[in-house]
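> Take a look and give me a structure for this.
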Amino acid sequence: MITATKGFRVRRAAAVAVTAGTMLATGVLTAAPAQAVTTPTITAKGAYLMNSATGATLYSKSADYKRLTASTTKVMTAKVVLSQSNLNLDTRVTVKQAVSDYMVREGYPSSARLIVGDKVTVRQLLYGMMLPSGCDAAMVLADKFGTGTTVAARTKNFIAKMNTTAKNLGMTNTHFDSFDGLSNGSNYSTPRDLTKLARSVMKNSTFKAVVKAKSYTAKTITKTGATRTMGTWTNTNTLLGWNGTLGVKTGSGTEAKYCLIFAATLNGESVVGTVLTAPDAVNRTNDVKKLINYGYAKIS
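Residues are numbered from 1 along each chain as shown. All right, here's what the predicted structure looks like:
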């Protein structure tokens, strides 16, 4: 992309030089035509791309159509956690039996493989939720930062906080009914709304550090006080590092298909965007690559 970008700038400079030469020769003052950037064709049913610095729209495809969000929902879970006042990322939280019961009940969805009774820090839980997309880590966080006298009440309250945050961010076509994207029938958003969310939360240094990590190994404290070294969590986002890609979160499901919220920065140009309902992981990756390249070219 660096070569492509430079090539684009060289071509544009050459075009300007030719135009300038024509003006000198003819004495006619005319503006140089803008270099055309071809709009990409993508397979995802919905997509949106934004200039991170200005918030300007760079690309839009069914950007306001409501779709299932799958595990991209966890970006909002992280946003709510990181918005807590006096947050201590090193606070340890005990993994409850209710978390294991939930994972069994949901048919063993994506997991950070947390162990009941272990004490895990909030920071570690964020890595466990965002890298391997742990629904167990998401539930521990929702239970910790929700209000109520039972696990069910606390997680319900936390989801309410997610919806309040969405409203405050201007996510007008979004509703959450879960903390992890395992929809109960009313968990949806749009490419534009999720991009607004990503732009907001990527301003948080902790979140940015988490989502750009390719892997992370947590050391938890067991019931007996011993240290347990967890199996390494690997980020499901295989685009990390490609052409300045910094994150943000993958998602997939039988109905949601393949989704990705992404952010990238290269040579001072920053883009953030979302693709929803791509047919498969390969097409999702190709769609995002096209959009990132397109975004850089549009900004330059």
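> Strands of the stretch 51-200 of the chain, start to end?
Secondary structure of the stretch 51-200 of the chain by DSSP state E, counting those that start in this stretch: the strands cover 57-61, 67-68, 92-94, 119-121, 188-189.
> contacting residues around the fourth one?
Contacts of strand 119-121 from elsewhere in the structure, counted by Cβ atoms under 8 Å, 6 or more residues apart in numbering, are 89-95, 114, 128, 137, 140, 218, 220-222. Every residue, glycine included, has its C-beta placed from N, CA and C.
> do the same with the third one
For strand 92-94, the external contacting residues (Cβ under 8 Å, 6+ apart) are 117-122, 125, 140-141, 144, 221.
> and which of those residues is nearest Thr41?
Leu141 (38.3 Å; Cβ to Cβ).
> right, and that closest one touches Gln124 too?
No - the pair Leu141 and Gln124 does not pass the contact test of Cβ atoms under 8 Å, sitting 10.6 Å apart.
> All the helices of the stretch 151-300 of the chain, in order from the start?
Remark: helices assigned in the stretch 151-300 of the chain by DSSP state H, counting those that start in this stretch are 151-168, 191-201, 205-211, 281-299.
> Dump those helices into a markdown table; add distance to Pro40 as well.
Output for the helices of the stretch 151-300 of the chain, formatted as a markdown table (distance: least, Cβ to Cβ, whole Å):
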| stretch | distance to Pro40 |
| --- | --- |
| helix 151-168 | 28 |
| helix 191-201 | 14 |
| helix 205-211 | 24 |
| helix 281-299 | 4 |
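> and Asn235, which of these is closest to it?
helix 205-211 (7.8 Å).
> show me the contacts for Lys214.
234-235, 240-241.
> Of these - the most surrounded one?
For these, counting by other Cβ atoms under 10 Å, the largest number of neighbours falls to Asn235: 22 neighbours.
> Drop the exposed ones from the contacts of strand 92-94 and show what's left.
By neighbour count, with 16 or more other Cβ atoms under 10 Å, the contacts of strand 92-94 hold 118-122, 125, 140-141, 144, 221 as buried.
> out of those residues, who's nearest Arg228?
Asp118 (6.3 Å).
> quick one: contacts for the residue lying closest to the closest one once chain neighbours are set aside?
What sits nearest to Asp118 in space, not counting adjacent residues and going by Cβ to Cβ, 6 or more residues apart in numbering, is Thr220, at 4.3 Å. Thr220 makes contacts with 114-115, 118-120, 124, 227-228, 230, as judged by Cβ under 8 Å, 6+ apart.
> same deal with Arg154?
Applying Cβ under 8 Å, 6+ apart, we find Arg154 in contact with 142-144, 146-148.
> Could you rerun that using 10 Å?
142-148 (Cβ atoms under 10 Å, 6 or more residues apart in numbering).
> now those in CSV, with pLDDT and distance to Ala209?
Formatted as CSV, the contacts of Arg154 follow (pLDDT from 0 to 100; distance: Cβ to Cβ, whole Å):
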residue, pLDDT, distance to Ala209
Ala142, 98, 22
Asp143, 98, 24
Lys144, 98, 20
Phe145, 98, 20
Gly146, 98, 25
Thr147, 98, 28
Gly148, 98, 31
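> Mark which of these are buried, thanks.
Buried members of the contacts of Arg154, counted by 16+ other Cβ under 10 Å: 142-146.
> Switch those residues over to a markdown table; also include distance to Asn163.
Shown next, in a markdown table, are the buried ones among the contacts of Arg154 (distance: Cβ to Cβ, whole Å):
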| residue | distance to Asn163 |
| --- | --- |
| Ala142 | 13 |
| Asp143 | 17 |
| Lys144 | 18 |
| Phe145 | 14 |
| Gly146 | 13 |
